[in-house]
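Q: Structure for the following, please:
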Amino acid sequence: MKNVKKVLLILLASLLSIAGVIALTACDPEEPAPQPYTQTIATAEDFKALSEKQGEASSYGTFTLTNDIDLGAEYMPSGVGVDTSFRGVFDGQGHKITYTITQQATAPTSDEEQLTAQATRYWGLFGYLYNATVKNLTVEVNIDVDADSEVTYIGGLAAFAYGSVKLENVTVNGDIELGYGY
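A: Sure thing, here's the model as predicted:
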């Protein structure tokens, strides 16, 4: 019986060693794991620059609003698909974001314009939320869009949300009008 236990312990130690080697070779020591970070949003320009941190880069970030901000008329949402979605934590700290989107559809005249039309079918403060958290925020919105795509996503906070999206203490007020056609 002692020999069986000894053989099992040796076998277990060997398996752990192999697993350790596999784990070490799976990690690239040249690229450290992304670290959590915090970024403050104090101006409309700061919020618009948030699009640079969309997609996987935003997964590790907490973005904190420090002032009420007005994104102005003709705001264009970013994050218009899963690859460029917002995935982090956005904490409004009780502040308000105001924005307006007015978009009239025009018939695409080229393949490039058709692609642009497809890319601009997400209308909201965030174009796409994926496994994100938005909290302590008030949104004042005025959206008047004539869609240039048969599939259009529209919402005051987010045009589209997927996965484990958490909303805590979020209020959205305003008007949303959607038309379709050229």
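Q: in this structure, which spans are helices?
A: 2-26, 44-49, 111-119 (DSSP state H).
Q: what's the shortest one in contact with?
A: This means helix 44-49. Here helix 44-49 makes contact (CB atoms under 8 Å, 6 or more residues apart in numbering) with Thr40, Ile41, Leu65, Ile69, Asp70, Leu71, Gly72, Ser78, Ile97. (C-beta placed from N, C-alpha, C; glycine too.)
Q: Could you list the buried residues of that helix?
A: The neighbour-count check on helix 44-49 (16 or more other CB atoms under 10 Å) flags Ala44, Asp46, Phe47, Lys48 as buried.
Q: How about stretch 50-57?
A: Counting neighbours by 16+ other CB under 10 Å, one finds that the buried residues in stretch 50-57 are Leu50, Ser51, Lys53, Gln54, Gly55.
Q: now, which of those residues sits nearest Ala161?
A: Gln54 (14.2 Å; CB to CB).
Q: what's the distance between Val139 and Tyr37?
A: For Val139, the distance to Tyr37 (CB to CB, to the nearest Å) stands at 24 Å.
Q: what do you get for Val82?
A: Applying CB to CB, one obtains 22 Å for the distance of Val82 from Tyr37.
Q: and what of Thr100?
A: 31 Å.
Q: Looking at those two, which is more packed in?
A: Thr100 (17 against 13; other CB atoms under 10 Å).
Q: follow-up on the earlier one: relative to Tyr130, which of the contacts of helix 44-49 is nearest.
A: The nearest member of these to Tyr130, counting by CB to CB, is Ser78 at 13.3 Å.
Q: got a list of what the closest residue to that closest one other than its chain neighbours touches?
A: Closest residue to Ser78 apart from its sequence neighbours, by CB to CB, 6 or more residues apart in numbering: Ser51 at 3.2 Å. Neighbouring residues of Ser51 by CB under 8 Å, 6+ apart: Ser78, Gly79, Thr84.
Q: Can you tell me which of those end up in strands?
A: Judged by DSSP state E, strands contain none of those.
Q: just the buried members of those residues?
A: Ser78, Gly79, Thr84.
Q: need these in a markdown table with distance to Gly92 and pLDDT, can you?
A: Listed next are these as a markdown table, based on distance: CB to CB, whole Å; pLDDT from 0 to 100:
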| residue | distance to Gly92 | pLDDT |
| --- | --- | --- |
| Ser78 | 18 | 74 |
| Gly79 | 17 | 72 |
| Thr84 | 21 | 84 |
